[in-house]
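J.: Would you be able to build a 3D model of this:
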Amino acid sequence: VTAIDGLLDFTYVENRGVAFGMFSDMRWFFVAVTAVLIAIIIYIMFKKKPSGKMFYISAALIIGGGIGNLIDRIFYGFVVDYISVSFFPPVCNFADYCITVGTILLIVYVLFFSNVMKSEKRSTKAMNEFKLNCETSGVRLDKFISDANIDLSRSAAVNLIENGAVLVNNSVVSKKYKLSQGDIVVVNVPNPTPYEAKAENIPLDIVYEDECLLVVNKPKGMVVHPAAGNYDGTLVNALLYHCGDSLSGINGVLRPGIVHRIDKDTSGLLIVAKNDFAHRSLAEQIKEHSFTREYESIVFGNLKNDEGTVDAPIGRNPKDRKKMCVIEKNSKNAVTHYSVITRYKGYTHIKCKLETGRTHQIRVHMAYIGHPVSGDKVYGVKNEKVDFEGQCLHARKIGFIHPKTNEYIEFTSELPDYFKKYLKKLENISSH
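T.: As a prediction, this is how the structure comes out:
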């Protein structure tokens, strides 16, 4: 029967061989081979759980076509071929095409996308190996790794899994693999590429400097020290140019002199140690909470009380390892004291005094009590009425006992132009 003239015909053929009528006298041999191949593919699907949709699509095509032809060969001794195309002379059936396409996809998957192949070709550079024992069942592999205490985000965990750097019971599996109690998870984390910060001629706003330390007024938008994605243009790069080798080495080559940090989009005062003696003294003051750190911020909404204290532990957000949150498990105590400076329509200008110094502390604590820092893209309100163009948080005051003189000294920074601009904008809104 001609379906498309000169292109497609349907022709009845009893095929007692394999695909396309080949090897007609080897019926039972190919029945056995087909059954074994189907069993192997099914075993890999459910035991190894390869990642990537391509494998499962190819497996479904091969298994579906193989089973269809296998049943006919076992019970009838032949399969019916009926598709004949002009550019491909052998008569075949739909199952043959499924098997052919599935096999091609499987070959492509193994050559270019297989985690198994990638694990064999894995980089030989030094690795940090973490061996984790799963104590509960049902958790996804990528979530299990990101929740483990090895400082990996979920996206980093997925990247390691997809590159064959994670083994579950000595097998490579997909990121969606559901762990069972007693599973052994081995995570191989490559050592970071060595990097040494370079000196750069970047202007610094130095508030105070002597042979032991300096106090810097960091502008908004400047990263404190080099890290992934920010290896140049940081405060450390500028300090290396200004101070040369006269910086403490306690925090290593990426953070010389850095005793404490403030966020990229937070402006204000930061202390830098020029030698290890000064560094240890200042770090001890921070640890003992005798280090004065006061900030000013504009927060969303109107605070109920004129002053208050947020005493809530802070740790990594279990759902997003790049964020912090108030949480009891795997956290550190955190205390922030705040007081109202000026109230505006829908916003409040406040002063915050840190008793502890946790990552993102003010931002997390103010969000926790329902008054996030204005303009905060991570913890703040998504659609604010006022465009703050980034978080409005300034390290206004810093005070400490000088490591050499043992005298208490204190420094205050003027509010930067961006902060004054926002206050003026809020004054105009509140006056109408």
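
J.: Output stretch 323-336 as CSV - backbone C-alpha positions only.
T.: The C-alpha trace of stretch 323-336 is given here as CSV (Å, rounded to 0.1, in the frame of the first residue of the first chain):
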residue,chain,number,x,y,z
LYS,A,323,21.6,33.3,53.1
MET,A,324,21.6,33.5,56.8
CYS,A,325,18.5,33.3,59.1
VAL,A,326,17.4,33.1,62.7
ILE,A,327,17.5,29.4,63.5
GLU,A,328,18.3,27.3,66.6
LYS,A,329,20.2,24.4,64.9
ASN,A,330,23.8,24.9,63.9
SER,A,331,23.7,28.6,64.8
LYS,A,332,25.6,31.2,67.0
ASN,A,333,24.1,33.6,69.5
ALA,A,334,23.5,37.1,68.1
VAL,A,335,22.4,40.2,69.8
THR,A,336,21.5,43.6,68.2
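
J.: could you pull out the helices for the chain?
T.: Ranges of helices in the chain, per DSSP state H, are 27-43, 53-76, 94-108, 115-120, 141-147, 154-162, 235-243, 276-287, 361-368, 417-430.

J.: Can you name every helix or strand that the last one contacts?
T.: The reference is to helix 417-430. With contacts defined as 3 or more Cβ pairs under 8 Å, 6 or more residues apart in numbering; DSSP states H and E, helix 417-430 has these neighbours: strand 292-300, strand 335-344, strand 347-354. (C-beta placed from N, C-alpha, C; glycine too.)

J.: Need the winner for burial among these.
T.: Among the helices and strands packed on helix 417-430, ranked by average contacts under mean count of other Cβ atoms under 10 Å, first place goes to strand 292-300 (a mean of 23).

J.: And it, how far out from the chain middle?
T.: Remark: strand 292-300 is offset 28 Å from the chain centroid, using Cα atoms, centre = their mean, to the nearest Å.

J.: How about residues contacting it?
T.: 260, 266, 268, 341, 346-354, 357, 362, 366, 371-375, 380-381, 384, 388, 392-400, 410, 415, 419, 422-423, 426 (Cβ atoms under 8 Å, 6 or more residues apart in numbering).

J.: and the angle from it to strand 335-344?
T.: Interaxial angle, strand 292-300 versus strand 335-344 (axes from the mean of the first three to the mean of the last three Cα atoms, to 10 degrees): 50 degrees.

J.: so how far is C243 from the residue nearest to V189 when sequence neighbours are not counted?
T.: Take V189 and drop its neighbours on the chain: the residue closest to it by Cβ to Cβ, 6 or more residues apart in numbering is N128, 4.6 Å away. Distance of N128 to C243, given as Cβ to Cβ, to the nearest Å: 32 Å.

J.: hang on, the residue nearest to V189 packs against V186?
T.: No: contact criterion Cβ atoms under 8 Å: N128 and V186 do not qualify, at 11.3 Å.

J.: neighbour count winner among these two?
T.: More crowded of N128 and V186, by other Cβ atoms under 10 Å: V186, with 14 against 11.

J.: mind listing what that one touches?
T.: E129, F130, K131, L132, V166, L167, V168, N170.

J.: Report the beta-bridge partners for it.
T.: K131, L167 (DSSP bridges).

J.: which stretches of the stretch 51-200 of the chain have low pLDDT?
T.: Within the stretch 51-200 of the chain, the stretches with pLDDT under 70 are 51-52, 88-89, 113-127, 149, 151, 191-195.

J.: Right, I'll leave it there.
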